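[1] take this sequence and fold it.
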Amino acid sequence: ILLLMPGYLMGLYSLGIISVVSALKVLSIDGKLGELKRPVEVIAFSDEEGVRFQSTFIGSAAIAGILPVSALQITDKSGVTIQDALKKNSIEVTEEHLQQLRYDPKSVWGYVEIHIEQGPVLEWVGFPLGVVKGIAGQTRLKVTMRGSQGHAGTVPMSMRHDPMAAAAEAIVLLESLCKHPQDFLSFDGQCKSYSLESLSTYSFVPLVRYRLGQVQVTFTVDLRAIDDMGREAVVCELSNRLYQICDRRSVSCTIDRKHDANAVICDSELTSKLKSAAYLGLKRMTGSVQDEVPVLMSGAGHDAMALSHLTKVGMLFVRCRGGISHFPEEHVLDDDVWASGLAILAFIETQL
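    The predicted structure follows:
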């Protein structure tokens, strides 16, 4: 029964390779591989975030056995399919081969992933490492509002049908809803049972189109929360209120649901062991640790979401500067990377 330790390769402006390098370094310096109770397998997944083919977790989904055969026909912007790209690299993948890529769940003990936090919390609390309790579920909506243009001086305000104003009101509403969901939701006293303190959202800059006197405003909404029922409640409330805004302003509104992913809760046993290992690794590095290792929720998606269909998962976060990721300014301290390696070393020594 093996332990999987992954990383991912995303090209420019990505530190996903940290996980791979840390794992390889640990295995090369430990000198005790012959004493391990379980084999350790290091995997470098490609295109975790779907940059080229706009389909996430391609590699990890294949390993977990949840990548549909139809995914092989997904195309990039140039019309090249995933199957074509693999064939160009001398990898022939048919339906039968795809099924053979799946690991046997009975052969896998667990999955541990190291990743930069992609957020500012660890930097804010002044701690290099954190363990992840779960990965937020996600819902992405495409909202389209349609109205009409009007002369700035001749159309009275009461007769305007301005979708841009409706979109502006909607985005402010969205922010308020996610900051203070308890002010908007009521479920016969059941709202408190939802874990909505971790609710977050992002709305993209509206795209405005003009045609024959008509105006169309399109924007997307990305809602994330560790509680799937709570997230669904927010989506329902938001949708109802968006329709109300548009009705009041006499503009039309269409809401398309583009993506849904359930939250993943990390295995409590693995999380506890990673927390202890992080403490031991930091103690080995600094001599003493005064504070407790933080436990965080991941608002970003990770390969662990796909691998949770195969085995129990655990994650370790590494502090990054300013919470910035996928930009040239993305940065982690060498000492923090070293700390993550020592934590994984401690995990392997004590658990395997």
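[2] give me the pLDDT value at Ala233.
    Predicted confidence (pLDDT) for Ala233: 89.
[3] return the set of buried residues in the helix or strand encompassing it.
    Per DSSP states H and E, Ala233 falls inside helix 228-249. For helix 228-249, burial by neighbour count (16 or more other C-beta atoms under 10 Å) applies to 228-235, 237-239, 241-242, 245-246, 249. Using the backbone N, CA and C atoms, a C-beta is placed for each residue, glycine as well.
[4] can you show me the strands along the stretch 151-300 of the chain?
    With strands called from DSSP state E, counting those that start in this stretch, the stretch 151-300 of the chain shows them at 200-203, 207-211, 214-225, 252-261, 264-265, 295-298.
[5] got the phi/psi numbers for the residue lying closest to Pro120 once chain neighbours are set aside?
    Distance criterion C-beta to C-beta, 6 or more residues apart in numbering; nearest residue to Pro120, sequence neighbours excluded, is Gly323 at 3.5 Å. With angles defined as degrees, to the nearest 10, Gly323 sits at phi 70, psi 20.
[6] Gly323: neighbouring residues, count only.
    By other C-beta atoms under 10 Å, the residues close to Gly323 number 16.
[7] state the distance from the residue nearest to Gln73 when sequence neighbours are not counted to Ser70.
    In space, and not counting its chain neighbours, Gln73 is closest to Thr81: 5.2 Å by C-beta to C-beta, 6+ apart. As judged by C-beta to C-beta, to the nearest Å, Thr81 and Ser70 stand 11 Å apart.
[8] Pro128 now?
    Distance of Pro128 to Ser70, given as C-beta to C-beta: 42 Å.
[9] of those two, give the one with the bigger neighbour count.
    Set side by side, Pro128 and Ser70 show more neighbours around Pro128, with 24 against 8, by other C-beta under 10 Å.
[10] how about the contacts made by the more buried one?
    Going by C-beta atoms under 8 Å, 6 or more residues apart in numbering, Pro128 touches Leu122, Leu282, Val318, Arg319, Leu333, Asp335, Asp336, Ala339, Ser340.
[11] what's the helix or strand for the first one?
    Element membership of Leu122, judged by DSSP H and E, is helix 121-125.
[12] following the chain past that helix, name the next helix or strand.
    strand 129-135.
[13] so what strands line up beside that following strand?
    strand 264-265 (antiparallel), strand 295-298 (parallel), strand 313-318 (antiparallel) (DSSP bridges).
[14] name the residues linked to Leu4 by a beta bridge.
    Glu41, Tyr111.
[15] how many residues are close by it?
    Counted by other C-beta under 10 Å, the residues lying close to Leu4 total 23.
[16] and the pLDDT for it?
    On pLDDT, Leu4 comes in at 75.
[17] that one contacts Ser107, doesn't it?
    No: counting by C-beta atoms under 8 Å, Leu4 stays clear of Ser107, with 10.3 Å between them.
[18] just want to check the distance between Ala170 and Gly314.
    From Ala170 to Gly314 the distance is 38 Å (C-beta to C-beta).
[19] again with Val155
    With C-beta to C-beta as the criterion, Val155 and Gly314 are 59 Å apart.
[20] can you check Asp336 too?
    According to C-beta to C-beta, Asp336 stands 19 Å off from Gly314.
[21] go on, Asp47?
    With C-beta to C-beta as the criterion, Asp47 and Gly314 are 23 Å apart.
[22] closest to Ile265 out of the buried residues of helix 228-249?
    Nearest to Ile265 among those is Asp228, at 10.3 Å by C-beta to C-beta.
[23] so who does the closest one touch?
    Taking C-beta under 8 Å, 6+ apart as the criterion, Asp228 is in contact with Gly137, Asn262, Ala263.
[24] who's in contact with the strand or helix carrying Trp109?
    Assigning secondary structure by DSSP H and E places Trp109 in strand 108-116. When contacts are defined by C-beta under 8 Å, 6+ apart, strand 108-116 is touched by residues 1-7, 15-16, 18-19, 22-23, 38, 267, 270, 274, 298, 302-304, 307-308, 310-320, 325, 330, 332, 340, 344, 347.
[25] per-residue confidence averaged over that strand?
    91.
[26] on that earlier part again, how about the contacts of Asp228 in TSV, adding neighbour count, pLDDT and distance to Arg209?
    Shown next, in TSV, are the contacts of Asp228 (neighbours: other C-beta atoms under 10 Å; pLDDT from 0 to 100; distance: C-beta to C-beta, whole Å):
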residue	neighbour count	pLDDT	distance to Arg209
Gly137	22	91	31
Asn262	13	92	34
Ala263	23	94	35
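[27] good, we can wrap up now.
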